[in-house]
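Q: Output the structure for:
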Amino acid sequence: LVIGYGVSHRLFEFAWKGQLSLLHTNPVAYQAVLSNVSIAIGSLSILLMLTGRVVFQRLGWGCAAMATPLLVLLMGGTFFVLSLLGMGPHASTALATAAVFAGAVTQVFIRSSKYSLFDPAKEMVYIEMPKEQKVKGKAAVDMVGSQIGKSGALWVTQGLIFGLGTVTRALPFISVMFFSIIFCWLRAVVDLRKVINEDKQAPSETGLPNDAPAIIAS
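A: I've put the predicted structure just below:
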């Protein structure tokens with residue numbers, strides 16, 4: 001989950017800011033868009049924090065954990081599709097604007113949902129673990145998984161730019177990797193939900209199985 005979030009977000013953000021810089025060549029206009037996005041992130045974060053508890057109580061852990069990757073797939077996928085169409089013979093300013101707007105919406109949600117849905121869902125996994133397993137698992141996930149997610153996407157994007165020269169040329173490859181990571185993220189949520197359900201049906205002294213932290217970091 002942690003690696004999936006980190007890599008997909010970094011890949012998307014890299015592509016979106018690249019398209020944004022092409023649409024708004026004026027630095028003032030570029031920064032204005034980023035400022036508006038930051039304001040929207042703050043507003044939506046507050047709203048989701050107020051409603052996130054209801055999501056967990058009414059729909060359960062599985063739906064709450066699945067919400068972030070599904071919406072990122074839907075909105076981020078819209079951004080990549082529009083961006084790729086904008087590279088073809090039907091390219092237009094309207095299409096580029098629509099792609100950047102879809103990317104802005106994705107950025108707002110993926111950043112605001114981290115603290116209201118993603119992080120709480122991740123932390124709830126540790127509740128049933130013994131203290132020693134909880135400490136080791138949390139350290140492995142937060143330190144190793146988070147760093148792999150951030151640095152992994154950075155190395156990939158830098159390699160693509162070095163090999164292809166521009167963000168536009170690298171966009172098809174970034175989109176393929178983005179969709180692949182999201183599907184892996186969704187699969188990790190499904191696998192982890194099975195582990196949690198099995199543990200609830202057959203509780204043991206050790207709580208979650210030893211492989212739970214590894215699944216969280218996948």
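Q: chain center to the longest helix anywhere in the chain, what's the gap?
A: Taking DSSP state H as the criterion, the chain has its longest helix at helix 27-85. For helix 27-85, the separation from the chain centroid amounts to 9 Å (computed by C-alpha atoms, centre = their mean, to the nearest Å).
Q: elements contacting it?
A: Counting contacts by 3 or more C-beta pairs under 8 Å, 6 or more residues apart in numbering; DSSP states H and E, helix 27-85 is packed against helix 2-23, helix 93-113, helix 119-124, helix 167-201. Glycine gets a C-beta too; all of them are placed from N, C-alpha and C.
Q: so it versus helix 2-23, what angle?
A: Between helix 27-85 and helix 2-23, the angle comes out at 110 degrees (axes from the mean of the first three to the mean of the last three C-alpha atoms, to 10 degrees).
Q: Could you tell me the angle between helix 27-85 and helix 93-113?
A: Between helix 27-85 and helix 93-113, the angle formed by their directions is 100 degrees, by the same axes, to 10 degrees.
Q: Could I get the average pLDDT for helix 27-85?
A: Summarised as a single mean, pLDDT over helix 27-85 is 87.
Q: before we move on, what about stretch 178-192?
A: 88.
Q: Export the helices and strands packed on helix 27-85 as JSON lines, with columns for mean neighbour count and distance to Trp61.
A: Converted to JSON lines, these look like this (neighbours: other C-beta atoms under 10 Å; distance: least, C-beta to C-beta, whole Å):
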{"stretch": "helix 2-23", "mean neighbour count": "21", "distance to Trp61": "16"}
{"stretch": "helix 93-113", "mean neighbour count": "19", "distance to Trp61": "15"}
{"stretch": "helix 119-124", "mean neighbour count": "17", "distance to Trp61": "6"}
{"stretch": "helix 167-201", "mean neighbour count": "17", "distance to Trp61": "7"}
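Q: Which among those helices is found nearest to Gln158?
A: When the helices and strands packed on helix 27-85 are compared by C-beta to C-beta, helix 2-23 sits nearest Gln158, at 9.4 Å.
Q: Who are the packing partners of that closest one?
A: The contact analysis (3+ C-beta pairs under 8 Å, 6+ apart) places helix 2-23 against helix 27-85, helix 93-113, helix 146-164, helix 167-201.
Q: Export the third one to CSV, keeping only CA atoms.
A: Only the C-alpha atoms of helix 146-164 are listed here, as CSV (Å, rounded to 0.1, in the frame of the first residue of the first chain):
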residue,chain,number,x,y,z
SER,A,146,7.9,5.0,2.2
GLN,A,147,11.5,5.6,1.0
ILE,A,148,11.2,3.0,-1.8
GLY,A,149,8.0,4.7,-2.9
LYS,A,150,9.5,8.1,-3.1
SER,A,151,13.0,7.3,-4.4
GLY,A,152,11.8,4.6,-6.7
ALA,A,153,9.5,6.9,-8.7
LEU,A,154,12.2,9.6,-8.7
TRP,A,155,14.8,7.2,-10.2
VAL,A,156,12.2,6.1,-12.8
THR,A,157,11.3,9.6,-13.9
GLN,A,158,14.9,10.8,-14.0
GLY,A,159,15.8,7.8,-16.1
LEU,A,160,13.0,8.5,-18.6
ILE,A,161,13.9,12.1,-18.9
PHE,A,162,17.6,11.2,-19.4
GLY,A,163,16.7,8.6,-22.1
LEU,A,164,13.8,10.4,-23.9
